[in-house]
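Asker: quick check, what structure comes out for this input:
(one chain, ligands or ions: 1)
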Amino acid sequence: MSPEREEMLCKPNLSLFPDATVVNNRYFWGFECQDGWFDILNIALSLVSARCDISDCEQVTVTEVKEKFGGLRIYYRGGDDFVHGVFNFAETISVNVCAICGSRVGNRRMHYHHPRCDLHYGD
Ligand SMILES: [Zn+2]
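Answerer: Residues are numbered from 1 along each chain as shown. Model (predicted):
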């Protein structure tokens, strides 16, 4: 994840990332995926952050975010059924989104290891 996007995911959701640090004046946590999944992560983290703020669910701590078997994986502690649903949806939808640019990827790419659009196929 680029430093700019990394900070955009961290800064508004610091309660989810207690291990976040400041590197070169930007918040850094260590997302192990590329920028194509930024929108998915941004929406999912916003929803989960709000859930923790307005409900009495156990505080969520995100422990690892990475690409595995061609899909987004979000590992975390805490939360409730709502949080589980949001992260499960994010992981599921990611397999049809190019991990590099965020373009929609057709089903024909599903059997390859990484979701890539035609432009980034082979990268
Ligand atoms: Zn792409």
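
Asker: so for this structure, the centremost residue is which one?
Answerer: Leu41 (3.4 Å; C-alpha atoms, centre = their mean).

Asker: so it sits against Glu32, correct?
Answerer: No - look at Leu41 against Glu32 with C-beta atoms under 8 Å: they stay out of range, at 11.6 Å. Using the backbone N, CA and C atoms, a C-beta is placed for each residue, glycine as well.

Asker: and Cys98, how far is that from Asp39?
Answerer: 12 Å (C-beta to C-beta, to the nearest Å).

Asker: sketch out the low-pLDDT regions of the chain for me.
Answerer: 107-113, 123 (pLDDT under 70).

Asker: can we see that at 90?
Answerer: Where the chain drops to pLDDT under 90, the residues are 69-70, 95-96, 104-123.

Asker: which positions in it make contact with the ion?
Answerer: For the chain, the contact set with the ion under C-beta under 5 Å from the ion comprises Cys98, Ile100, Cys101, Ser103, Cys117, His120.
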